[in-house]
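1. sequence below, structure please.
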Amino acid sequence: MKKTINFIFVTLFFLLHSPFAHSIIKNSVIISVGNLPITQLDLVKEMRLISILTNNKIDNSNKEQIKAIAVQALIKRKVKEIEVNKFNIHEYNKRDLENLISNAYQNIGTDENGLKNIMRKNNLNFNDLKKKFEVDLKWNTLIFQLYKNRIVLNMSEVEEKINSTVENIQEKRRYLLSEIEIEQKKEDEKIILDEIYKSISDEGFEKTAKKFSISDSSEYGGNIGWIEEKNLSGKIFQSIKDLKTDAVSKPIYLENTIVIIKKVGEKVFEKDIEKIKNRIVVQEKNKKLQMFSKSHFSNLEKIIQVNFL
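-> Below is the predicted model:
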């Protein structure tokens with residue numbers, strides 16, 4: 001299977017770039033993988049697909065390299081197809097397919113419609129991409145079914161990874177805040193601040209913000225939304241960290257302004273130990289499944305005959 005591909009198609013470069021290519025390609029079989037054929041058209045389409053997904057235009061300098069990659073990809077897919085069909089595997093995780101498609105178009109800086117348009121211009125059907133992904137996903141289903149009962153984890157190593165991960169994750173604290181911002185003025189500053197605090201007491205923070213604040217947030221009654229602790233300045237954090245909900249801070253003197261903050265709410269996102277543990281266990285199981293996948297495929301390579309015609 002891993003022999004170098006020595007055959008050369010005289011018209012291949014023209015066929016890859018011609019808008020009429022599919023109508024003039026002789027769809028002859030060039031490789032057989034077990035009982036499954038790979039045609040000249042399959043190779044041209046695979047090369048175009050690789051070119052699109054890698055954002056790498058085919059030219060004389062890379063044509064042979066892309067051709068070799070395409071041939072090996074096609075052979076590998078056919079080997080997987082044979083085994084998937086043998087075990088009558090039809091199911092796979094549909095969400096995984098969505099993720100693979102999403103990653104494909106994001107990697108080349110477009111959206112799904114953009115990818116479809118690019119493929120259409122290259123005489124490719126979007127289903128060609130889906131079928132490519134589906135083979136891999138069905139293969140994953142097969143490997144899981146065959147080897148799920150043979151997965152053995154070293155739980156002491158897993159626990160070590162969990163503990164290390166937990167230690168490096170800090171709790172996140174967020175505050176829902178409102179503000180009143182005024183200019184610093186040496187004269188009448190105390191009178192203005194007294195007036196603001198009296199207004200807060202009599203009319204509420206929201207109306208006072210609309211009346212006195214020079215900040216853009218005054219339009220929304222001073223509301224500045226949820227802010228993570230790490231995004232607060234040291235002065236503001238020190239002034240609000242010990243405030244109770246709905247309490248108002250003392251005046252906070254910034255560079256040119258004075259700010260009064262109301263703590264409307266507070267949330268602490270604690271370390272979810274169970275979620276972290278489950279994620280690490282899944283990751284370790286997937287590593288084991290990858291090992292089984294490589295081993296299973298390697299065994300198939302030895303028994304499935306590949307012929308270059």
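2. tell me the confidence at the residue most central in space within the chain?
-> Centrality entry for the chain: nearest residue to the mean C-alpha point is Asn103, 6.7 Å, by Cα atoms, centre = their mean. Listed pLDDT for Asn103 reads 92.
3. separation between it and Met119?
-> Going from Asn103 to Met119 by Cβ to Cβ, to the nearest Å gives 16 Å. The C-beta positions use only the backbone N, C-alpha and C, and glycine is treated the same way.
4. where does the chain have low pLDDT?
-> Applying pLDDT under 70 to the chain flags the ranges 1-26, 169-171, 270-271.
5. for it, which segments count as helices?
-> 12-17, 21-24, 40-53, 63-86, 94-107, 112-121, 126-147, 155-168, 189-203, 205-212, 234-240, 273-303 (DSSP state H).
6. using TSV, lay out those helices together with distance to Val264.
-> Output for those, formatted as TSV (distance: least, Cβ to Cβ, whole Å):
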stretch	distance to Val264
helix 12-17	61
helix 21-24	63
helix 40-53	48
helix 63-86	56
helix 94-107	36
helix 112-121	40
helix 126-147	46
helix 155-168	31
helix 189-203	13
helix 205-212	9
helix 234-240	11
helix 273-303	28
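7. between these, which gets nearest to Leu177?
-> Among those, the nearest to Leu177 by Cβ to Cβ is helix 234-240 (7.2 Å).
8. gap between that closest one and the chain center?
-> 35 Å (Cα atoms, centre = their mean, to the nearest Å).
9. how about stretch 247-259?
-> 41 Å.
10. how about residues contacting that stretch?
-> 179-184, 189, 193, 197, 200, 205, 214, 233, 235-236, 239-240, 243, 260-263 (Cβ atoms under 8 Å, 6 or more residues apart in numbering).
11. check which residues of that stretch are buried.
-> Of all the residues in stretch 247-259, those buried under the rule 16 or more other Cβ atoms under 10 Å are Val248, Ser249, Pro251, Ile252, Ile258, Val259.
12. could you list the domains of this protein?
-> 12-151+287-308, 172-269 (automatic domain parsing).
13. can you put those domains in CSV and add distance to Glu159?
-> Converted to CSV, the domains of the chain look like this (distance: least, Cβ to Cβ, whole Å):
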stretch, distance to Glu159
domain 12-151+287-308, 16
domain 172-269, 23
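14. out of those, nearest to Arg279?
-> Closest among the domains of the chain, using Cβ to Cβ: domain 12-151+287-308, at 13.0 Å.
15. and stretch 141-159, how far from the chain's centre?
-> For stretch 141-159 - counting by Cα atoms, centre = their mean - the centre lies 25 Å from the chain centre.
16. contact partners of it?
-> Residues contacting stretch 141-159 (Cβ under 8 Å, 6+ apart): 83-84, 87, 89, 91-93, 280-281, 284-285, 288-289, 292-293, 296.
17. same thing with stretch 218-232?
-> Contacts for stretch 218-232 (Cβ under 8 Å, 6+ apart): 172-180, 205-210, 212-213, 215, 217, 237, 240, 262, 264-265, 267.
18. quick one: end-to-end length of that stretch, please.
-> In terms of Cα to Cα, to the nearest Å, the two terminal residues of stretch 218-232 are separated by 19 Å.
19. give me the buried positions along it.
-> Applying 16+ other Cβ under 10 Å to stretch 218-232 flags Ser218, Gly221, Gly222, Asn223, Ile224, Glu229, Leu232 as buried.
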